[in-house]
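Peer 1: Model the following, please.
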Amino acid sequence: MPNPRERKSILLYLAGSIILAGAGILLISFYRDVLMGMDEESYEEFLEQFGSAARIVYFAVLSIFPVFLLLKWKGLKRMKRGSIKFKCIIQYTWKLLRKWHVPLALLASAGVVLHGCLALTRDFQWYFTNTTGTLSSIILFFLMIMGFKRFKRKDKSWHLKLAITFTVLFMIHASF
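Peer 2: Here you go, the predicted model:
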């Protein structure tokens, strides 16, 4: 990461996400008996809360791509309503999304780790939903690696390809 201030903040967010996921894993292991004592429906609801929160945050993270495409669109310069130019609004949105893309992605990934740990803790079976969840978690791991390579422009657009693959897989996982 060429910008030292950005590098410092991203490393801080990475450390925070790792601490959050680690604390969650410790709590899951300490309260394993309580979790196992929950009825199946309550446990599933608890498990799904982490996945749902991560899904909402990932939509915010993924919104960076359509905004980027809008900025590249030549017709955006001509679009305005009264004195308000849409390009200014889109540029502001782009800056905001770019600033929060990595921190939100790391936070959502910590939520996915907790969601996965809870899924593995109780009666894990290889049926369709668990298989797509496992595959999307594996893709997410490589997506994060390529995201860090993206800063040095050494990802050869793998970050985007993996992001699309991850989005498709996690939407299939969330839908079934």
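
Peer 1: give the contact list for Phe166.
Peer 2: Ser136, Ile139, Leu140, Leu143 (Cβ atoms under 8 Å, 6 or more residues apart in numbering). Backbone N, C-alpha and C define where each C-beta goes, glycine included.

Peer 1: Report the contact partners of the last one.
Peer 2: The neighbourhood of Leu143, defined by Cβ under 8 Å, 6+ apart, consists of His159, Leu162, Ala163, Phe166.

Peer 1: Using TSV, lay out these together with secondary structure and pLDDT.
Peer 2: TSV is the format used below for the contacts of Leu143 (DSSP: H, G, I helix; E, B strand; the rest coil; pLDDT from 0 to 100):
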residue	secondary structure	pLDDT
His159	helix	92
Leu162	helix	96
Ala163	helix	96
Phe166	helix	97
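
Peer 1: now for the residues you listed, which pair is the farthest apart?
Peer 2: Greatest spacing in those, by Cβ to Cβ: His159 and Phe166 (10.2 Å).

Peer 1: In a markdown table: the contacts of Leu143, plus distance to Lys77.
Peer 2: Conversion of those to a markdown table gives the following (distance: Cβ to Cβ, whole Å):
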| residue | distance to Lys77 |
| --- | --- |
| His159 | 28 |
| Leu162 | 32 |
| Ala163 | 28 |
| Phe166 | 33 |
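
Peer 1: out of these, which are buried?
Peer 2: Buried members of these, scored by 16 or more other Cβ atoms under 10 Å, are His159, Leu162, Ala163, Phe166.

Peer 1: Next one: the last one from Arg7, what distance?
Peer 2: As for Phe166, its distance to Arg7 is 24 Å (criterion: Cβ to Cβ, to the nearest Å).

Peer 1: Could you do Trp100 as well?
Peer 2: Trp100 sits 16 Å away from Arg7 when distances are taken as Cβ to Cβ.

Peer 1: In the protein, where's the longest helix?
Peer 2: Ranked by number of residues, the top helix in the chain under DSSP state H is helix 86-121.

Peer 1: between Trp100 and Arg7, who's got more neighbours?
Peer 2: Legend: neighbour count by other Cβ atoms under 10 Å for Trp100 and Arg7, higher for Trp100 (16 against 12).

Peer 1: List the contacts of the closest residue to the more buried one other than its chain neighbours.
Peer 2: In space, not counting the residues next to it along the chain, Trp100 is nearest to Ala60; the distance is 7.5 Å by Cβ to Cβ, 6 or more residues apart in numbering. Going by Cβ under 8 Å, 6+ apart, Ala60 touches Leu97, Trp100, Leu104.
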